[in-house]
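>>> make a model of this:
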Amino acid sequence: MRDAVLFDGADRGQRLSRFWILLSLASIIAAAGIVAESTAAVIGAMIVAPMMLPIQGTMLSTVLGDRVNLFRSIALMGAGAAVAIGIGFVVGLLVANDVVAATNVQVAGRVHPGLIDLLAALATGVVGSFALIRRDISDTLPGVAIAISLVPPLVVSGLTLESGAIEESLGALLLFVTNVASILATGVVVMALFKVRRAPVLQLAPTLSVVHKHKAGIAIAAMLIIVAIPLTISSVNTGSNTVRENAIRTAAEQWADQAGWDLVTVNTGVNRVFLRVTGPLPAPDTDELAAQIAESGVDPSVVEVELVPSQFVNLEMPGVP
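Presented below is the predicted three-dimensional model:
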């Protein structure tokens with residue numbers, strides 16, 4: 001396991017160069033895939049990305065009480081995250097339009113993490129730890145890389161940061177931190193269940209190692225709890241926004257049908273819901289819509305309606321009756 005995830009030994013330089021090359025390429029692939037909204041490219045970037053290694057290295061170093069490799073793995077993980085965010089920012093500079101959740105599905109799926117993302121990350125972290133311990137199931141690692149999604153959230157953070165969407169950038173960064181905390185927490189638990197410990201020839205200063213492991217375990221648990229707080233808030237807000245949006249949609253569809261108009265889109269922003277409706281002139285009375293929304297238990301003052309008049313014309317060949 002040390003050989004698999006720790007960057008030490010005689011071939012440390014070669015492994016580090018491979019890490020940085022793969023991370024840079026994976027970040028570029030992820031950024032291009034997100035901008036182009038290509039799911040296949042984003043999945044490819046997940047498989048190529050080596051970010052799982054320093055995270056698992058942090059987890060293993062914690063279990064083994066290896067202070068040197070612990071700091072080394074944390075530093076590599078932090079530097080790798082900064083590079084991925086930077087590449088996303090640079091790619092954002094090359095794109096004409098802002099890459100934000102409102103215009104990009106790949107971004108929208110990564111800037112509002114909730115408790116369900118924490119649950120998925122915890123389960124994926126368990127699988128990754130099993131794959132590290134047992135060589136007979138190591139073929140699941142590509143699936144773990146896809147499920148845990150480490151580099152794409154970092155790239156999204158850089159893209160949205162360049163676009164000026166600070167809240168979305170922090171949301172994507174929160175998703176990455178959630179995944180990291182989940183891998184560390186579940187990894188430590190799985191290693192403890194399998195009684196993984198330092199080999200006898202490496203047992204140096206065992207008392208300090210035990211103290212170190214306890215402190216690291218407390219830090220990881222605290223990190224998981226801290227991450228769970230904004231995820232809980234986000235989940236509650238998402239749930240309330242969904243209920244409100246559904247109530248507004250139902251009222252707006254009924255109102256539009258009565259007026260002979262069509263409801264095109266319903267988008268939820270920060271404390272606002274935006275409706276876009278279209279139909280023939282004259283425009284319908286929005287006071288009736290406000291009354292129906294109020295009857296559904298939603299404050300109509302949070303709703304903005306864009307009325308788009310439309311006209312249908314049958315084209316005929318010139319000179320042909």
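>>> tell me the secondary structure for the spatially most central residue of the chain?
By Cα atoms, centre = their mean, the chain has its centre lying nearest to R110, at 3.3 Å. Recorded secondary structure, R110: coil (DSSP: H, G, I helix; E, B strand; the rest coil).
>>> please parse the chain into its domains.
2-204, 242-309 (automatic domain parsing).
>>> winner for burial among the ones you listed?
Most buried of the domains of the chain, by mean neighbour count (mean count of other Cβ atoms under 10 Å): domain 2-204, with a mean of 19. Any C-beta I mention is one placed from the backbone N, CA and C, and that applies to glycine too.
>>> what about that one, distance to the chain center?
On the basis of Cα atoms, centre = their mean, to the nearest Å, domain 2-204 sits 11 Å off its chain's mean C-alpha point.
>>> can I get the domains of the chain in a markdown table including mean pLDDT?
Conversion of the domains of the chain to a markdown table gives the following (pLDDT from 0 to 100):
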| stretch | mean pLDDT |
| --- | --- |
| domain 2-204 | 86 |
| domain 242-309 | 88 |
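>>> take those domains and lay them out in a markdown table including distance to V227.
Shown next, in a markdown table, are the domains of the chain (distance: least, Cβ to Cβ, whole Å):
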| stretch | distance to V227 |
| --- | --- |
| domain 2-204 | 5 |
| domain 242-309 | 22 |
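>>> and of the ones you listed, who's closest to S235?
domain 2-204 (3.7 Å; Cβ to Cβ).
>>> pretty sure the residue nearest to the centre of the chain sits against A172.
Yes. Counting by Cβ atoms under 8 Å, A172 is a contact partner of R110 at 5.0 Å.
>>> list residues touching both of the two?
With contacts taken as Cβ atoms under 8 Å, 6 or more residues apart in numbering, R110 and A172 have 153, 156 as neighbours in common.
>>> report the longest helix in this protein, please.
Criterion DSSP state H: the longest helix present in the chain is helix 206-259.
>>> now do the SS call for the spatially closest residue to F274 that is not a sequence neighbour.
In this structure, F274 finds its nearest non-sequential neighbour in N267, 4.6 Å apart by Cβ to Cβ, 6 or more residues apart in numbering. Put simply, N267 is strand when judged by three-state DSSP.
>>> tell me how far N267 lies from V243.
16 Å (Cβ to Cβ, to the nearest Å).
>>> returning to that earlier point: can you tell which of the domains of the chain is closest to I218?
Of these, nearest to I218 by Cβ to Cβ is domain 2-204, at 10.8 Å.
>>> now do the contacts for the residue lying closest to M52 once chain neighbours are set aside.
Excluding its sequence neighbours, the residue lying closest to M52 (Cβ to Cβ, 6+ apart) is A145, at 6.1 Å. By Cβ under 8 Å, 6+ apart, A145 lies in contact with 46-47, 49, 52.
>>> let me have these in a markdown table, extended by distance to I226 and secondary structure.
Listed next are the contacts of A145 as a markdown table, based on distance: Cβ to Cβ, whole Å; DSSP: H, G, I helix; E, B strand; the rest coil:
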| residue | distance to I226 | secondary structure |
| --- | --- | --- |
| M46 | 26 | helix |
| I47 | 30 | helix |
| A49 | 25 | coil |
| M52 | 22 | helix |
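>>> much appreciated, bye for now.
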